[in-house]
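Undergrad: this one's sequence-less:
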């Protein structure tokens, strides 16, 4: 439907007519802005959110260190964006679907993914749900309604629209949230997803983490417009911009968005303004494209510190509890990491399973040929050889494999 | 002669092309200030300005569509797709536009100036989406040229040819060798021919054929085979499209045996095309079935990458099986 207000002299619009406000509740010192009201949040839920933020931060710090030590091939941190991801997740029903990009481990933490589960994926061992097939951080959990991560950018966004359309038809009152960065929002898939969601009235929340950078490319070279938010107008979609480092504002905004999605079957776009405090990944070095000064300025806006101050001021948290939790989390990360590292790799058969629902005859022949080859050269394929004969480890290390613990 | 790794050789080729012709532009995700995630375009923005070397928004279909338009206008775009695994949003632009621009317009318009650079291949713990070798998808598209260098010297000469070629070229760069392959590379401008294979080693018992990163794997296999008294002729195909049938035919007519290897999955891989053509042209001279040593017909794995890859031992076994047939 297009509007038909006639004018008789040429009149152009640029989009500058719109001014998009930023929704904020919490100041960096932990106090509320004047006139701001905290969302309804009981102590238990507030601490669940806070704990998830801290668990994520500690996991990220330790695993990046492990990557630097050569124990892990690759890692990506959520650092600086914990409030955006976890605040949004906390505002949903735990059975709502999450379709994330790759920097949203905080959502999984909030829903109860354990350190063991993280580690098994990171080390691609036999207990990894993804069977050691994907790079570290490509988590997925059916029980926690978290779609397995795919590296290609933005592909999950139109899928979220489709998933949510199915949820609408199922009529169980669930919605889907999809997370993506401001860089991924340049992909064609983003635009297709928003348009279809509006046309088909789909209960989906598009959550953009505008963290300033797509690897090295600053937002200023990503788009000329006022961020991602104005794009919603083009699709006649509800939109809100929120301070992504303000966990209360993110929570409140997403709560409202969920209502619009589930009660009115309308999609919503949320643009959370935040900052990727860490490198893009363990393969990246931000010193080549941004200043330390800029990073420091954002470190001052640490979302975890902001929530911590609010909790302490409210008497729900203390510095002693903080210290104790941090220490126990660090211990736990190290212990679970050691366990996961030692576990055997997935079996050789996992190379050919799940390509189709059933292994095709041709794939079975390829696997059989591979087994014959590995038996001939076991030392060249330690993981495959170990899988074929678990009692014999190449190189003479005959350690028995009794590490089949149940995580 | 200076020694360079493959990235330096590629950077050097781009530098020469941009210095020589102001119509040459380099762009893609992160290629500007940062010089690309692999640093293949380091310092080009500094030297030639932001108008000629720049970051694009994160949209592969946009990058190639934009590049098609630039090439049609008469510019010489060298567009980077950060990983070959991420080329698929641009598949429509490449397959339906780039490849058919000249043909559909009766040569009124063409995008011959276009070169698409993209890193491909496994062996770097990249899993499903940082390891693929998608050359066969594009080899099924008349109108494209496809080139894959095996070392720094080849990379520079072939890239300069690709940029100056009158047809659009996809230039697949073996990223595993970006820093690992180091060799002598002339400082000056030179070109190597597109569409011509190179016999890198002469032999009499069997022909072993590959391209890109597989060439160093072949060399290791051949070393093992020669110790067992099998004389191997080694061919680097260099161009997948158009491919040099005559050089391969001539070799197989001499040796009577052929082993082809690539990292991509077996079914529909480019080895299938080569095998079909060679049996047509060399049928009565073949002493054994043509062997293919390839990736499995599965997505690219991570933990079991070593098991998946067509390594030197698998090629060695294929050489022995072929020789003993």
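TA: Yep, that arrived. A quick note: this is a predicted structure, and the numbers were derived from the prediction, not measured. Residues are numbered from 1 along each chain as shown, chains lettered A, B, ... in the order given.
Undergrad: quick one: residues contacting residue 279.
TA: Since you didn't name a chain, this refers to chain A. A:77, A:285-286 (CB atoms under 8 Å, 6 or more residues apart in numbering or on different chains). The way it works is simple: take the backbone N, C-alpha and C, and place the C-beta from them, glycine included.
Undergrad: if you could check chain B rather than the one you did, that'd help
TA: Counted by CB under 8 Å, 6+ apart, residue B:279 has contacts B:286, B:290.
Undergrad: confirm that it sits in a helix.
TA: Yes. Residue B:279 forms part of a helix when assessed by DSSP: H, G, I helix; E, B strand; the rest coil.
Undergrad: just checking, what packs against whatever helix or strand residue A:166 lives in?
TA: In this structure, residue A:166 sits in helix A:156-170 according to DSSP states H and E. Judged by 3 or more CB pairs under 8 Å, 6 or more residues apart in numbering or on different chains; DSSP states H and E, the packing partners of helix A:156-170 are strand A:97-99, strand A:176-181, helix A:188-199, strand A:204-210.
Undergrad: tell me how far the last one lies from the chain's centre.
TA: In this view, strand A:204-210 has its centroid 11 Å away from the chain centroid, taken as CA atoms, centre = their mean, to the nearest Å.
Undergrad: please apply the same query to the longest one.
TA: When distances are taken as CA atoms, centre = their mean, helix A:188-199 is centred 21 Å away from the chain's centroid.
Undergrad: what are the buried residues along that helix?
TA: For helix A:188-199, burial by neighbour count (16 or more other CB atoms under 10 Å in any protein chain shown) applies to A:188-191, A:193-198.
Undergrad: just the strands in the stretch 151-300 of chain B please.
TA: B:169-174, B:182-184, B:198-201, B:206-210, B:232-236, B:239-241, B:258-265, B:291-295 (DSSP state E, counting those that start in this stretch).
Undergrad: strands paired with the fourth one, and their directions?
TA: This points to strand B:206-210. Here strand B:206-210 has these sheet partners by DSSP bridges: strand B:232-236 (parallel), strand B:258-265 (parallel).
Undergrad: just put these in TSV and tack on mean pLDDT.
TA: Shown next, in TSV, are the strands paired with strand B:206-210 (pLDDT from 0 to 100):
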stretch	mean pLDDT
strand B:232-236	98
strand B:258-265	98
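Undergrad: winner for burial among those strands?
TA: Across those, averaging neighbours per residue (mean count of other CB atoms under 10 Å in any protein chain shown) puts strand B:258-265 on top, at a mean of 26.
Undergrad: could you check the angle strand B:291-295 makes with it?
TA: 20 degrees (axes from the mean of the first three to the mean of the last three CA atoms, to 10 degrees).
Undergrad: any idea how many residues pack against residue 119?
TA: Answering for chain A, as no chain was given. Number of residues near residue A:119 (other CB atoms under 10 Å in any protein chain shown) recorded here: 27.
Undergrad: switch to chain B, please.
TA: The number of residues packed near residue B:119 is 27, by other CB under 10 Å.
Undergrad: quick check, it in contact with residue B:178.
TA: Yes. Counting by CB atoms under 8 Å, residue B:119 does reach residue B:178; the two are 7.2 Å apart.
Undergrad: pLDDT weak spots in chain B?
TA: Residues of chain B meeting the criterion pLDDT under 70: none.
Undergrad: determine the number of other residues adjacent to residue B:244.
TA: 18.
Undergrad: in contact with residue 267, which residues?
TA: Going with chain A. A:161, A:164, A:194, A:197-198, A:201-206, A:235, A:237-238, A:261.
Undergrad: wrong chain, I was asking about chain B
TA: A:362, B:297.
Undergrad: same thing but at 10 Å, please
TA: A:362-363, A:366, B:136, B:292, B:294, B:296-297 (CB atoms under 10 Å, 6 or more residues apart in numbering or on different chains).
Undergrad: quick revisit: also near chain B: which of the buried residues of helix A:188-199, exactly?
TA: A:188-191 (CB under 10 Å from any CB of the partner chain).
Undergrad: joint contacts of residue B:119 and residue B:178?
TA: In contact with both residue B:119 and residue B:178: B:7, B:10, B:38, B:40, using CB under 10 Å, 6+ apart.
Undergrad: can you add distance to residue B:234 and give those back as JSON lines?
TA: As requested, the shared contacts of residue B:119 and residue B:178 are arranged in JSON lines below (distance: CB to CB, whole Å):
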{"residue": "B:7", "distance to residue B:234": "25"}
{"residue": "B:10", "distance to residue B:234": "24"}
{"residue": "B:38", "distance to residue B:234": "27"}
{"residue": "B:40", "distance to residue B:234": "27"}
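Undergrad: now, which of those residues lie close to chain A?
TA: Restricting the shared contacts of residue B:119 and residue B:178 to those near chain A - CB under 10 Å from any CB - leaves residue B:38.
Undergrad: specify which member of the shared contacts of residue B:119 and residue B:178 is nearest to chain A.
TA: Distance to chain A, by CB to the nearest CB, is smallest for residue B:38 among these, at 9.7 Å.
Undergrad: ok, now how distant is that closest one from residue A:245?
TA: Separation of residue B:38 from residue A:245 (CB to CB, to the nearest Å) stands at 32 Å.
Undergrad: quick one: which of these two has more around it?
TA: Of the pair residue B:38 and residue A:245, residue A:245 is the one with more neighbours under other CB under 10 Å, namely 28 against 22.
Undergrad: helix, strand or coil: sort out that one for me.
TA: Recorded secondary structure, residue A:245: coil (three-state DSSP).
Undergrad: the one 5 residues further on now?
TA: Taken by three-state DSSP, the conformation at residue A:250 corresponds to helix.
Undergrad: measure it to residue A:306 for me?
TA: 11 Å.
Undergrad: the strands in the stretch 1-150 of chain B, which residues?
TA: With DSSP E, counting those that start in this stretch applied, the stretch 1-150 of chain B shows strands at B:3-5, B:24-28, B:53-55, B:76-80, B:115-120, B:145-147, listed in chain order.
Undergrad: among those strands, which is nearest chain A?
TA: strand B:53-55 (4.7 Å).
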